[in-house]
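Peer 1: have a look at this prediction, sequence included:
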There are 2 protein chains.
Amino acid sequence: MSLLTVGTVAFDKLESPFGKTDRILGGAATFIGMASSLLGVKTGIVSVVGDDFPQEYIDLLKSKNIDLSGLEIVKGGKTFFWEGKYHNDLNSRDTLTTELNVLETFEPKVPEAWKTVDVLMLGNLHPLVQQSVLDQMQKRPGLVVLDTMNFWMDCAWDDLMSVMKNIDVISINDEEARQMSGEYSLVKAAHKISEMGPSTVIIKKGEHGALLFQGERRFFAPALPLEDVFDPTGAGDTFAGGFSGYLAKTKDFSFENMKRAIIYGSALASVTVEKFGTESLAELSRERLSERLKQFKELTDFKIEL
Amino acid sequence: MSLLTVGTVAFDKLESPFGKTDRILGGAATFIGMASSLLGVKTGIVSVVGDDFPQEYIDLLKSKNIDLSGLEIVKGGKTFFWEGKYHNDLNSRDTLTTELNVLETFEPKVPEAWKTVDVLMLGNLHPLVQQSVLDQMQKRPGLVVLDTMNFWMDCAWDDLMSVMKNIDVISINDEEARQMSGEYSLVKAAHKISEMGPSTVIIKKGEHGALLFQGERRFFAPALPLEDVFDPTGAGDTFAGGFSGYLAKTKDFSFENMKRAIIYGSALASVTVEKFGTESLAELSRERLSERLKQFKELTDFKIEL
C-alpha cells in the first residue's frame, strides 16, 4: 500500500474572519500527503521548493512519515507563495498574491522507488506536469486520481483532455464541473466528464458535501456541520488525499469501497478546516479520526422499510 | 392518524428555463395536503379561496382524499395569486406579481371535526393567523410544525416569537435560519432558534438537502441529484407535508422516526420538482414513491468499521 502525489508545496498567507497568519506551510501535496500518511499509507511527494523553505517544515513532513525523496530544493530559488483573504461566509475568497517562483520551471522527477506505486494522486498543476509524472511510472498504478481547476480549463484545455484519458478518478468542485461540462445539472455534468476519460467522477460541494458518480451509481456524503469553519484552505486537497489514501491502504477500488473512501476524505477535511493551514491535521490522533467517522455515520444513518 | 394544515391555496403562474404556465393550482396548503394524503394520512386543509377557484381544482384535491370542510370560498372574492420567474440556475427567482386578494382578510375557522388532530402543520402565513388556528384546537395536537419566511421576521417579529413558543418543530430554509438567528453557522443558528421555542429545528438547503437538529443530535438528508430540476415551486411545502404526514401516520415523534420522516419529505419533494406545480405529485404512485425511498437509501448508505 503506497501513494505518490505530485502537487504544490507552498507558503500560504491567510486571512479569515477569525484572524490572519504569516507565511505558513501549505500546498496541495502537503495536505494530500499528510492525509494519506495519517491513514498509515506509505506516502511520497513529488514537488519543488526554494532554499527559503525552512528545515522546520521539512522535519514536520518527515515526522509525518512522508517520503521527500521526490522533493526538489532549488538553490537560490523561492518557494511558491499564495496569499488569500476569505470573505465572511468563508465560501468565497480573494487571491491577493500568487508568486509561482520555482514552480514556473518545475519538471517533476519521480524517484526510482516510487515508480511502482499503488495509487497516484495528481494534484492540481499544469496538465503537462501531471502527464509527465504518469509517463515516468514503470507500471501503470492501480488507480490514478486527478484534481484540476478552472485555470487549466481556460489555458490548457487540450493538454487537460489528454491527461483525462489516462486517469480513473477526477475530483473537482461543482463550479469546475459545470465549467468543464457546460452543464448546470451535476448529474449531467458528471456524465459528460466521465465521457472525457475517468470512469469515476467526484464533485466536491464544499460545505454541502461531495457526490460520487460511477456509471449510473451515485453516492453522497455531507460535510460535517461545524460550529465554525475557521479556514477552508486545503480542505479539498485533504479530502482528495484521504480518499486516495484510503483506497491505497485497502487496495480495493470497488464502488462500495470508494464510498468509505469518500467518508474518510470528508472526515479528514472536517478536521483541516478547524484551524489555520495544516495545524489541526498535524495534531489529529487516530482516536479523534475514529470519533469523526462515527459522527458521519450518525449524521447520515437511517433505517427505513421499503 | 390525522393531519391538519393551514396555509395558502393559490393560483401560481410560473416561468422556468423549461417553459411557462398559465394560472395553475399552487399554494402551501395544497402541496402540504397532497404530500400528507399521499402517505395515507387523514388530511384536512384550512384555507381560503375566491369564487374564481375552479371546481376542477376542488375535485382534484377531493380525489386526493383531502378534506376541504375548512376551505372557505369567498363569494365575489379572488383567489391568492403569485407569479414568479426562475433564473437559469433555478436556485433564485423573481416574484413578478403577488395579489393577496381573499388572503388579506383571512380569518381561519377550524371545523369541529378537526380540533383534535394528531399533527398540526402551520404553513407559511402571518404568525397571528397561525396562532389563531392553534388557539382553536380542543386539545393540544401531539405535534405542531411551523413554516415561516423572512417577510414575517421583518414585519411581525413579536407575533412570530409568540407562536414560536407554542410549536415543536420549525421547518425553514438556510437563508431564513440565518436571518432569524443572526448566525451564519447553521449549527449555531439551529441552537439559537431552538432557544426561541421549538425543540426540533429543520433547516432546508434546497438542492443541498436538509438538516435536522434536536439538542445535540443531528441528521442530514441530501436532495436526490436529478438530471433536471424542472420547477422548484412547492418543494419546501411538499417536504414539510411529507415530513409531518409521515409523523402523523406513525404517531411516533422520536428523533429516530423524524429521520425517516425527513427522508419521506425529501423523496416527495424530489417528485414535485420534476414537473410544473402539483402535476408530478398528483401522478405519484406508491410504487414510485417506494422506488424513490430506495434511491435515497442507496445514495447515502455506507458501511464502515469504527
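Peer 2: On my side now, so go ahead.
Peer 1: buried sites along the longest helix out of those in chain A?
Peer 2: Assignment by DSSP state H gives helix A:255-272 as the longest helix of chain A. Buried residues in helix A:255-272, defined by neighbour count with 16 or more other C-beta atoms under 10 Å in any protein chain shown: A:257-272. Placement of C-beta: from N, CA and C, glycine included.
Peer 1: one more: stretch A:94-108?
Peer 2: Neighbour-count burial for stretch A:94-108, counted by 16+ other C-beta under 10 Å, picks out A:Asn101, A:Val102, A:Leu103, A:Phe106, A:Pro108.
Peer 1: what's the closest of those residues to A:Lys20?
Peer 2: A:Lys20 lies nearest to A:Asn101 out of the buried residues of stretch A:94-108, by C-beta to C-beta, at 21.7 Å.
Peer 1: got the contact list for the closest one?
Peer 2: Counting by C-beta atoms under 8 Å, 6 or more residues apart in numbering or on different chains, A:Asn101 touches A:Gly50, A:Gly77, A:Lys78, A:Thr79, A:Phe80, A:Phe81.
Peer 1: surely A:Gly26 meets A:Glu83?
Peer 2: No. Contact criterion C-beta atoms under 8 Å: A:Gly26 and A:Glu83 do not qualify, at 10.3 Å.
Peer 1: overlap in contacts of the two?
Peer 2: When contacts are counted by C-beta under 8 Å, 6+ apart, A:Gly26 and A:Glu83 are jointly contacted by A:Asp12.
Peer 1: which of these two has more neighbours?
Peer 2: A:Gly26 (28 against 17; other C-beta atoms under 10 Å in any protein chain shown).
Peer 1: that one pairs with what?
Peer 2: Residues in a beta bridge with A:Gly26, per DSSP bridges, are A:Ala10.
Peer 1: can you tell me which of the buried residues of helix A:255-272 are up against chain B?
Peer 2: Taking C-beta under 8 Å from any C-beta of the partner chain as the test, chain B is in contact with A:Lys259, A:Arg260, A:Ile262, A:Ile263 out of the buried residues of helix A:255-272.
Peer 1: just put those in TSV and tack on pLDDT.
Peer 2: Shown next, in TSV, are those (pLDDT from 0 to 100):
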residue	pLDDT
A:Lys259	97
A:Arg260	97
A:Ile262	98
A:Ile263	97
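Peer 1: around chain B, pick out the residues from the stretch 1-150 of chain A.
Peer 2: Counting by C-beta under 8 Å from any C-beta, the residues of the stretch 1-150 of chain A close to chain B are A:Asn88, A:Asp89.
Peer 1: how close does the residue in the stretch 1-150 of chain A positioned nearest to chain B sit to A:Gly19?
Peer 2: The stretch 1-150 of chain A approaches chain B most closely through A:Asp89 (6.2 Å), counting by C-beta to the nearest C-beta. A:Asp89 sits 17 Å away from A:Gly19, taking C-beta to C-beta, to the nearest Å as the criterion.
Peer 1: what does the stretch 151-300 of chain A put close to chain B?
Peer 2: So the stretch 151-300 of chain A meets chain B at A:184-188, A:205, A:208-209, A:211, A:218-222, A:225-229, A:256, A:259-260, A:262-263, A:290, A:293-294, A:296-300 (C-beta under 8 Å from any C-beta).
Peer 1: now the buried members of those.
Peer 2: For these, a burial check counting by 16+ other C-beta under 10 Å picks out A:184-188, A:205, A:208-209, A:211, A:218-222, A:225, A:229, A:259-260, A:262-263, A:293, A:296, A:299-300.
Peer 1: the helix or strand hosting A:Phe239 - contacts with which helices or strands?
Peer 2: A:Phe239 belongs to helix A:235-250 when assigned by DSSP states H and E. Judged by 3 or more C-beta pairs under 8 Å, 6 or more residues apart in numbering or on different chains; DSSP states H and E, the packing partners of helix A:235-250 are strand A:2-6, helix A:28-38, strand A:119-122, strand A:143-146, strand A:169-173, strand A:200-204, helix A:255-272.
Peer 1: just to revisit the earlier point, how about the buried residues of stretch A:94-108 in CSV, adding pLDDT and secondary structure?
Peer 2: Output for those, formatted as CSV (pLDDT from 0 to 100; DSSP: H, G, I helix; E, B strand; the rest coil):
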residue, pLDDT, secondary structure
A:Asn101, 96, helix
A:Val102, 97, helix
A:Leu103, 95, helix
A:Phe106, 96, coil
A:Pro108, 97, coil
